[in-house]
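In: model the following, please.
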Amino acid sequence: MILVTALLTLGIAAAARAPYTPAGHEQAWLRFSWRLTISAKEHCRPRTQDELDALPVHMRTPEVCTPDTATYALLTRIDDQPVETKHLARGGVKGDRPLFVLEERALPPGKHHIRVAVERRDDGDDHLIAELDTTLVLERGRVQLITLSPDGRRLEAHSTQSR
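Out: Reported below is the predicted structural model:
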């Protein structure tokens, strides 16, 4: 029994030292990671007396409120590629929770011109929430992180880290 345990332990130790090359090790990685808290907007109107009378007593709220219908988009342009648009959805059943952006893109190592923006789209009217327009030198096997600044008004690039 001791001999079997020793042999299994040696086998596990040998396997743990086996060389491993992760997939995508020749690529550089650009990672977007942030949470954006957006205050919920509602459009409210007072209920008419007829509406109040038609409701049970326990459901008679003085106003009827409908949530804002704005949508959000992540716009990314790397070098001279066309702008890539990804529609973002706020969390929660009612869409009233924070908006999370968690993206990762593999790119060839080297210098890249990166343009990233988050927009609020409301009935054809676009509002820029945050943006970044910079040139980054991406290294093979490393991750360049793009996050939201603490004040939530701009995007920032952070030093690279190992993947």
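
In: mean confidence score for the lengthiest helix in the chain?
Out: When the chain is parsed with DSSP state H, its longest helix is helix 2-16. Averaging pLDDT along helix 2-16 yields 86.

In: what comes into contact with that helix?
Out: Outside helix 2-16, not one residue touches it by CB atoms under 8 Å, 6 or more residues apart in numbering. (C-beta placed from N, C-alpha, C; glycine too.)

In: how far off centre is that helix?
Out: Centroid separation for helix 2-16 versus its chain: 43 Å, with CA atoms, centre = their mean, to the nearest Å.

In: now the element after that helix, going C-ward?
Out: Reading on from helix 2-16 to the C-terminus, the next helix or strand found by DSSP states H and E is strand 28-36.

In: can you give me the strands for this structure?
Out: 28-36, 42-46, 63-67, 71-78, 84-88, 99-107, 110-122, 125-138, 142-148, 155-162 (DSSP state E).

In: and those, which one is worst for confidence?
Out: Looking at the strands of the chain, the weakest mean confidence is strand 155-162, a mean of 76.

In: for the closest residue to Ile146 other than its chain neighbours, give me its contacts.
Out: Spatially, and ignoring its direct neighbours in sequence, Ile146 is nearest to Phe32 (4.9 Å; CB to CB, 6 or more residues apart in numbering). Counting by CB under 8 Å, 6+ apart, Phe32 touches Leu74, Thr76, Val101, Leu102, Glu103, Glu104, Val116, Ile146.

In: which of those are buried? Put it as a PyMOL command.
Out: Typed into PyMOL, the next command selects the buried ones out of the contacts of Phe32 (criterion: 16 or more other CB atoms under 10 Å):
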select buried, resi 74+76+101+116+146
